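**Q** Provided below are the primary sequence and the corresponding predicted coordinates.
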2 protein chains.
Amino acid sequence: MEPPITLRRDGGAPLYRQLTEQLRTAILDGRLPAGARLPSTRDLACSLGLSRGVVVEAYDELAAEGYLDGKTGAGTYVAAGLPRPRPRPDPATGPAPARPRWLRPEVPARQPGPHPEPGLIEFRPGRPTVAPLPATVWRRVWRAVGGEAPPGDYGPPAGEPRLRAAIARSLGQSRGLRCGPEDVVVTTGAVQALALVARASLGPAIPVAIEEPGALPVRAILAEHGAAIIPIPVDADGLVVERLPVGESAPVLVHVTPSHQYPLGGRLPVARRLALLEWARIHDALIVEDDYDSEFRFGAAPLPALAGLDGGATRVAYVGTFSKVLTPALRTGYLVAPPPLRERVVALKPLADFHSPWPVQRALATFLEEGHLERHVRRMRRHYAANRAALLAALAPVASLARPLGLEAGLHLCLEFGPGLDAARVAAAALAEGVVVATLADNYFGPPARDGLVLGYGGLSLAEIERGGAILARAIGREARRGADPARPPVRRPQVA
Amino acid sequence: MEPPITLRRDGGAPLYRQLTEQLRTAILDGRLPAGARLPSTRDLACSLGLSRGVVVEAYDELAAEGYLDGKTGAGTYVAAGLPRPRPRPDPATGPAPARPRWLRPEVPARQPGPHPEPGLIEFRPGRPTVAPLPATVWRRVWRAVGGEAPPGDYGPPAGEPRLRAAIARSLGQSRGLRCGPEDVVVTTGAVQALALVARASLGPAIPVAIEEPGALPVRAILAEHGAAIIPIPVDADGLVVERLPVGESAPVLVHVTPSHQYPLGGRLPVARRLALLEWARIHDALIVEDDYDSEFRFGAAPLPALAGLDGGATRVAYVGTFSKVLTPALRTGYLVAPPPLRERVVALKPLADFHSPWPVQRALATFLEEGHLERHVRRMRRHYAANRAALLAALAPVASLARPLGLEAGLHLCLEFGPGLDAARVAAAALAEGVVVATLADNYFGPPARDGLVLGYGGLSLAEIERGGAILARAIGREARRGADPARPPVRRPQVA
């Protein structure tokens, strides 16, 4: 049987590899069927114009792989017992495949939206600016990584000791948390910290309280781990603690953002903090304190972390991240949790990603140890205060229509609309002029109780904020006039350039 | 009411901070009860020897935090409505706490063993050597990271486009996989790739087939995601495909290590690969191909990846990692999966850690693009071949008692013991002389069908291998003689130095 071989001699793949691959393909697709006898190495070499050694090598490799059988002098045959793979279905014309048995039937988790077109001004919450970080500092921390011999082994699941110590010191200084390195677990972002806590605590239909409105990823992560979500109202002071269910129906876990509630921006007063701790004590519940945006306060006094008020350190899981103070691209966060939870999280971390990548932990340890984080936070506080002031100035003309909330901290503010002003329409009108804003309604689990917009100003330049804020203010003004005069034509549909 | 304040003036914390903290603590622990009137700022400043401004600042901060109420001229009072936290229980004398309601009742996942004492020679599988990597190359890839402006935003959940493209090219060249950048998902280690696949595919009591014996972390991850584990026997050629359950009882997912079965070391022949694909097609099952150790072959021909043989690319999830070829400290792996699974994994990744850290992806992209990975694999192939030869030479005197398996690839070999030789006793005897080895029995889900040891030689120097191998060979010889003569005393208990 003459194998179907066409060799290219134009300097592409070596002839030996071309021959081996073409023989293998011919066997797999059935052109060389099981039991077929191949030409002798001498004959094939002759017919293809190859040295015999090349053919011998190809036959040997295919025999070692199990494609060919052959005894010396008895000829070489295509091996029997190779099942034939099915022909590849044509994706263009074949029937749409049903859901495979090996995909979970649930709807997949919601994906974050695609990054918008360049040129748009995007008031996206949770996005910082990194540019004011000196390039020399950034180079320096990575030079430290490159200058150290790479570890050839797995590291500790709870994180590198140096980084854990630096985080513990920093939390003691900036948040008044009394914790040591052993209390800190380094995670691959705050997202993983919450996912690991959920993994350690939750199961199917376990009741969990979240803030309403609240952050979408929090809800998605908790739901993905089986939580039965109980939305608890939020007011201008954050979570309305007295609305937490009591007795038999008390949730097992409550997730709060006390430093700067997302999205309304309230700061949980001390009385509510203590009431929340007392509620958790009575009901044996876990508080997950997402200390989101705690670093950036504007003229407001620091409020003590729940984890610091929890005297016995027995029921608060404190979650922090470097995403806002530095950049989300590092994907590094941390968890300070009561010992039984921490042990469980450290046992689960190896099943998630074993540990967080060493180079990033090493770089961050240098960054903290050398005081760069503190300096960067100070620098960025001024930067964001200027951003905030610019946005407020741009929105001042419509302040009577759209009331800013949550100004004391963080990288976003909330614009609450009065009646007659439709946030979805304002967002559409702004998008038509190249400005992306999110509506408050998007952050509700149930029916929205307030209407308005959530404006992140962390990731924009002053010029973008001024231009985008002016466009937004005009859109609000127009929409308010339209709302007041139903005879006016509706806003035109958004068109992204 | 005179507050209990003791200020230290020895250059510790600022007086303002000391005062604020001591007042706050006194309010929280009830020494200053709700409604108590505080001294005027003038009186307290006078009694403590402070400037009045310091006391005003402290009162203002505590009022802003909600601890104090006060109107100008009407005095300052401890706020009402602050619930009292319980006294902190004394951990030394208090009763042992019951399991909190917010911890899952299941036994926590098994933790990896602690790192052994320095000075021990540890034949731990899965551990590479990194030292032969030139320091200039390591410095170079991190300099590239430090030289680039840090991104101020989240990256794509599936990974950085440059790294995905470099991985796709590398898989095409080294494993014959025809895939593009869009087929690759970058994960935080192979562990996360498997965890995400499990998350996308499994639920409570879903039947899953694993190799028996097999890798412990694989079993732990699958079980953690609810799998009902079905162990399938392995022989010298890897998974015995014909033992997979068929019909109604066919598992939904099967996990295999075809390049170098862990721990026995077999390489799945092409006929079995094709039979496995056919079984998966008939039963609509997913194959997870953990291409563990595929990079390091010793004189053996490459075998085609299952993912490459799967013509329609419809039922193999291919998992790879940089842990063995470079270092586990990077925590970077990847997944190439059929489109519906890949989409689900990309939707779940934001709920796990959003994306893998940018700096490591960026550094690895440089490493691959500049050809350093290929060079390092070639370098390490020689290095590990020398390690393997040294270990085999050291064990040659006992080859009749302990047969080496799995020599064709990878960073470990398996020593299969004949009857009368007890692996646990040999391991204990070796540990007593400072050599750490794992037994084959540890890798079984059910009752062990073979006895022996699993010896990783990737992370040791030649000198350590020679010394450790000689100690091990003597322990095997002694134990065999003892086994042959029941009157001899038992081996002494291990003592770690």
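**A** Ah, there it is.
**Q** lowest average confidence, helix or strand, in chain A?
**A** Lowest by mean pLDDT, DSSP states H and E among the helices and strands of chain A is strand A:68-71, with a mean of 80.
**Q** tell me what it is packed against?
**A** In terms of contacts (3 or more CB pairs under 8 Å, 6 or more residues apart in numbering or on different chains; DSSP states H and E), strand A:68-71 is packed against helix A:52-65, strand A:75-78. C-beta coordinates here come from the backbone N, C-alpha and C atoms, glycine included.
**Q** can you pull the contacts of residue A:236?
**A** A:264, A:266, A:405 (CB atoms under 8 Å, 6 or more residues apart in numbering or on different chains).
**Q** Can you list phi and psi of the closest residue to the last one other than its chain neighbours for me?
**A** If I follow you right, that is residue A:405. Residue nearest to residue A:405 in three dimensions, not counting chain neighbours: residue A:414, with 4.3 Å by CB to CB, 6 or more residues apart in numbering or on different chains. Dihedral pair for residue A:414: phi -120, psi 140, per degrees, to the nearest 10.
**Q** Does residue A:414 have any beta-bridge partners, and if so which?
**A** Beta-bridge partners recorded for residue A:414 (DSSP bridges): residue A:405, residue A:454.
**Q** That one against residue A:451, yeah?
**A** No: counting by CB atoms under 8 Å, residue A:414 stays clear of residue A:451, with 11.0 Å between them.
**Q** if I look at those two, which residues touch both of them?
**A** Listed contacts common to residue A:414 and residue A:451 are residue A:440; contacts here mean CB under 8 Å, 6+ apart.
**Q** More neighbours: which of the two?
**A** Neighbours were counted for residue A:414 and for residue A:451 using other CB atoms under 10 Å in any protein chain shown; residue A:414 has more, 26 against 20.
**Q** can you tell me which residues contact residue A:241?
**A** Going by CB under 8 Å, 6+ apart, the list of residues near residue A:241 reads A:272, A:275-276, A:279.
**Q** redo that, cut-off 6 Å
**A** Neighbour list for residue A:241: A:272, A:275-276 [criterion: CB atoms under 6 Å, 6 or more residues apart in numbering or on different chains].
**Q** what do you get for residue A:256?
**A** residue A:239.
**Q** Also residue A:343?
**A** Contact analysis of residue A:343 by CB under 6 Å, 6+ apart lists nothing.
**Q** go on, the one 10 residues further on?
**A** For residue A:353, the residues meeting the contact criterion (CB under 6 Å, 6+ apart) are A:188, B:188-189, B:191-192, B:331.
**Q** give me phi/psi at the residue lying closest to it once chain neighbours are set aside?
**A** In space, and not counting its chain neighbours, residue A:353 is closest to residue B:188: 3.8 Å by CB to CB, 6+ apart. Per-residue torsions, residue B:188: phi -80, psi 70 (degrees, to the nearest 10).
**Q** right, and residue B:188 touches residue B:354 too?
**A** No: counting by CB atoms under 6 Å, no contact exists between residue B:188 and residue B:354, whose distance comes to 10.3 Å.
**Q** how close does the most centrally placed residue in chain A sit to chain B?
**A** Centroid-nearest residue in chain A, with CA atoms, centre = their mean: residue A:191, separated by 6.3 Å. Between residue A:191 and chain B the computed distance is 5 Å (CB to the nearest CB, to the nearest Å).
**Q** cool, residue A:452 as well?
**A** For residue A:452, the distance to chain B - CB to the nearest CB - is 24 Å.
**Q** Quick one: neighbours of that residue, just the number.
**A** For residue A:452, using other CB under 10 Å, the count is 24.
**Q** secondary structure element for residue A:223?
**A** helix A:216-224 (DSSP states H and E).
**Q** could I have that helix exported to CSV, CA atoms only?
**A** Written as CSV, here are the backbone C-alpha positions of helix A:216-224 (Å, rounded to 0.1, in the frame of the first residue of the first chain):
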residue,chain,number,x,y,z
LEU,A,216,-23.5,43.0,41.9
PRO,A,217,-20.3,40.8,42.1
VAL,A,218,-21.0,40.3,45.9
ARG,A,219,-24.4,39.0,45.1
ALA,A,220,-23.2,36.8,42.2
ILE,A,221,-20.4,35.2,44.3
LEU,A,222,-22.7,34.5,47.3
ALA,A,223,-25.5,33.1,45.0
GLU,A,224,-22.9,30.9,43.1
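**Q** and the angle for the following helix or strand past it with helix A:216-224?
**A** Once the chain leaves helix A:216-224, the next helix or strand it forms, by DSSP H and E, is strand A:228-235. Using axes from the mean of the first three to the mean of the last three CA atoms, to 10 degrees, the inter-axis angle of strand A:228-235 relative to helix A:216-224 is 150 degrees.
**Q** Tell me the helices and strands packed up against strand A:228-235.
**A** With contacts taken as 3 or more CB pairs under 6 Å, 6 or more residues apart in numbering or on different chains; DSSP states H and E, strand A:228-235 sits against strand A:207-212.
**Q** list the helices and strands the strand it packs on packs on?
**A** Counting by 3+ CB pairs under 6 Å, 6+ apart, strand A:207-212 packs on strand A:228-235, strand A:253-256.
**Q** Could you export those as a markdown table, including distance to residue A:137?
**A** Shown next, in a markdown table, are these (distance: least, CB to CB, whole Å):
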| stretch | distance to residue A:137 |
| --- | --- |
| strand A:228-235 | 37 |
| strand A:253-256 | 33 |
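**Q** Pick the most buried one from those.
**A** strand A:253-256 (a mean of 27; mean count of other CB atoms under 10 Å in any protein chain shown).
**Q** for the record, mean pLDDT for that one?
**A** For strand A:253-256, mean pLDDT rounds to 98.
**Q** quick one: buried residues of stretch A:418-429?
**A** A:421-423, A:425-429 (16 or more other CB atoms under 10 Å in any protein chain shown).
**Q** That one: end-to-end distance?
**A** 18 Å (CA to CA, to the nearest Å).
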